[in-house]
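> Pasting the sequence and the predicted coordinates here, then a few questions.
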There are 2 protein chains.
Amino acid sequence: MSACKRIFADLGQINNCREIIKKNQQSFSELSQVVALAGNEVRLKILFILDQEHELCPCDLSDILEMTIPAISQHLHKLKNGSVIQSRKSGQTIFYSVCPSHLHLLKPLFSIIKNQSATIRV
Amino acid sequence: MSACKRIFADLGQINNCREIIKKNQQSFSELSQVVALAGNEVRLKILFILDQEHELCPCDLSDILEMTIPAISQHLHKLKNGSVIQSRKSGQTIFYSVCPSHLHLLKPLFSIIKNQSATIRV
DNA sequence: TCATTATTTAAGCAATTGCTTAAATACGTA
DNA sequence: TACGTATTTAAGCAATTGCTTAAATAATGA
């Protein structure tokens, strides 16, 4: 059960932490999935500009990020699968946008980018 | 240069986005690295309890998360390598804690866990 | 000095990731 | 209907990830 044989381990603290982890297991699992999606540089850029421009099609994103359409499409698929973005069809083009439900998680990340952008110019 | 041959593409919008992405390239790269570290479920848990308990040793974390010491140690190594956590040596035990410089990024994530935890009981 | 404890490091390996190219769908229009 | 455009899907593959076990370091105390 115990990894080390130290005497000074605070058993109460350890058991308390273990319970907190267990109680929030599902939250950790769900949150880490979304954070992992945002942890890819290309996907972070996609989310950032989708938020800024409100909605864009795979074609636009391909032009902006200078990547192939399938590469973009596969990233969009992952993001949609994780309910981070949503899509709207108009003719044969599909417009993607950030799901409002995850914005509270993403906005702080976007702020960091924007703040650093403001600092560079000083 | 252009991925599709659509007529209705907003060239100005695309070029503007492209410039913003380029200007913030380094920010995107650095931020995505940290977010990717937090996007692993085990590491997210480590960061959460390190923040809550202020500091813990690999041995404690191994007990709490019920994982082997080397597995924990390797996660800690990545986190330290990314400057997300720092360490303090006391005898033969090493205490890890979250770097204050990255807390503004992590706190919103922790809040999500805590809020969900509060909601469960209602 | 030697044995014990806490931790890291290394090697191996199965699973996942993110691209590539090529083929398949879906929609609009002549 | 057939063709062109926008997008997705599939297969292949090199690179990365995250664990495992075993060995190497480092610090403490007998």
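Yes, it's here.
> So residue A:96 lies in a strand, does it not?
Yes - judged by DSSP: H, G, I helix; E, B strand; the rest coil, residue A:96 forms part of a strand.
> ok, which stretches of chain A are helices?
A:11-23, A:25-38, A:41-53, A:58-65, A:69-81, A:103-120 (DSSP state H).
> Would you mind finding the most buried of those helices?
Comparing the helices of chain A on average neighbours per residue, with mean count of other Cβ atoms under 10 Å in any protein chain shown, the densest one is helix A:58-65 at a mean of 23. For the C-beta atoms, the positions are set from N, CA and C on the backbone; glycine is no exception.
> and that one, how far from the chain's centre?
19 Å (Cα atoms, centre = their mean, to the nearest Å).
> what sits against residue A:43?
By Cβ atoms under 8 Å, 6 or more residues apart in numbering or on different chains, the contact list for residue A:43 reads A:37, A:75, A:78, A:79.
> Those into TSV, with extra columns for distance to residue A:97 and pLDDT?
Compiled in TSV, these are given as follows (distance: Cβ to Cβ, whole Å; pLDDT from 0 to 100):
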residue	distance to residue A:97	pLDDT
A:37	15	98
A:75	15	98
A:78	16	98
A:79	11	98
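> where does chain A dip in pLDDT?
A:1-2, A:120-122 (pLDDT under 70).
> just to revisit the earlier point, of all the contacts of residue A:43, which comes closest to residue B:24?
residue A:75 (18.2 Å; Cβ to Cβ).
> Leaving out chain neighbours, which residue sits closest to that closest one?
residue A:43 (5.2 Å; Cβ to Cβ, 6 or more residues apart in numbering or on different chains).
> now residue A:73
residue A:58 (5.3 Å).
> so that neighbour makes contact with residue A:95?
No - between residue A:58 and residue A:95 no contact is recorded; they are 9.4 Å apart, counting by Cβ atoms under 8 Å.
> how about the residues of chain A that lie near DNA strand C?
Residues of chain A lying close to DNA strand C (Cβ under 7 Å from any atom of the strand) are A:4-6, A:36, A:40, A:42, A:67-68, A:70-71, A:74-75, A:78, A:89, A:91-92.
> from those, which two are the most distant?
Going by Cβ to Cβ, the pair spanning the residues of chain A next to DNA strand C furthest: A:5 and A:91, at 68.1 Å.
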